[in-house]
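*Asks:* kindly return the folded structure for what I paste below:
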Amino acid sequence: MPLIRTLQTTLLALIFASFAPLAMAQSTPKHDHDHDHSTLENSEQATKMPIMDGTFTETEGDHVLGSKAAPISMIIYASVTCPHCASWFKSVWPDIKTNYVNKNKLRVVFREFPTDPTNIAVIGFQIANCGPADQYFEMIEHQMQEQGNIFASLNAGTGKEAYLAIAKKAGLETEEAMNTCISSEAGYDRINKSMALAKAGNIASVPNFIINGEVFKGGSDYLPLSKHLNNLMLLGYSPMLKP
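*Replies:* The predicted structure is shown next:
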């Protein structure tokens with residue numbers, strides 16, 4: 001059964017009205033960037049899914065950043081409600097983007113991997129998907145940067161206002177437009193496909209990376225990532241990109 005299929009507009013009032021239990025689950029993370037934030041479905045099922053087309057490669061409709069001619073490609077799985085993901089996007093991603101993406105060395109695919117509280121993660125991803133395609137990464141970066149403030153707003157009962165502000169960044173000017181976006185079946189389908197691809201690749205936690213067609217086992221800190229990327233630069237070819 002698909003992971004995301006139950007979030008409807010009628011549920012939004014309940015989601016935004018009271019989120020006091022969230023505080024205990026969202027304490028400040030250690031800055032070790034471990035792959036330790038997983039979904040219940042992935043963590044409880046040991047059986048691997050069959051390999052799907054796109055499990056280790058870029059697919060049509062993916063959110064991408066970077067040159068098609070880049071010799072290295074990386075799929076990033078992350079969640080906008082994962083503290084370790086937010087920490088990675090604040091401390092590691094800027095250097096990866098500056099030193100590799102912006103220098104045409106690395107092409108990046110971002111894939112959604114909603115983590116607890118899953119409904120809130122889905123709301124964030126839906127809004128990001130409703131914005132201009134070329135601003136998707138900016139929307140994800142913004143939510144990662146503001147994750148603590150977003151959780152604080154949810155705990156204070158002002159979550160709707162916080163997400164309306166995010167929605168306006170995506171070009172959704174009214175609450176009605178935001179609710180329509182959040183209820184988008186096409187958005188649910190995208191997230192379900194992303195989760196199916198993650199399961200097929202045995203990705204059970206985030207942040208996690210598939211680099212040039214292989215799951216990276218070296219952790220998510222900048223030094224091991226940059227060392228691996230530099231070594232791959234010597235090969236000069238990315239099997240993830242189709243000619």
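
*Asks:* in which helix or strand would I find Lys90?
*Replies:* Taking DSSP states H and E as the definition, one finds Lys90 inside helix 83-91.

*Asks:* what helices or strands is that helix leaning on?
*Replies:* Under the contact definition 3 or more C-beta pairs under 8 Å, 6 or more residues apart in numbering; DSSP states H and E, helix 83-91 sits against strand 72-78, helix 136-145, helix 147-156. (Glycine included, C-beta is placed from N, CA and C.)

*Asks:* okay, those, which one's buried deepest?
*Replies:* Of all the helices and strands packed on helix 83-91, strand 72-78 carries the top mean neighbour count, a mean of 26, counting by mean count of other C-beta atoms under 10 Å.

*Asks:* whichever helix in the chain runs longest - what's its average pLDDT?
*Replies:* Identified as the longest helix of the chain according to DSSP state H is helix 185-200. Averaging pLDDT along helix 185-200 yields 96.

*Asks:* so how far is that helix from its chain's centroid?
*Replies:* In terms of C-alpha atoms, centre = their mean, to the nearest Å, the centre of helix 185-200 is set 12 Å apart from its chain centre.

*Asks:* and for stretch 177-190?
*Replies:* On the basis of C-alpha atoms, centre = their mean, stretch 177-190 sits 16 Å off its chain's mean C-alpha point.

*Asks:* same question for that stretch: list its buried residues.
*Replies:* Using 16 or more other C-beta atoms under 10 Å as the test for burial, stretch 177-190 gives Ala177, Met178, Asn179, Cys181, Ile182, Ser183, Gly187, Tyr188, Arg190.

*Asks:* how near is the residue most central in space within the chain to Lys103?
*Replies:* By C-alpha atoms, centre = their mean, the chain has its centre lying nearest to Ala78, at 3.5 Å. Going from Ala78 to Lys103 by C-beta to C-beta, to the nearest Å gives 22 Å.

*Asks:* having no further points to raise, I will conclude here.
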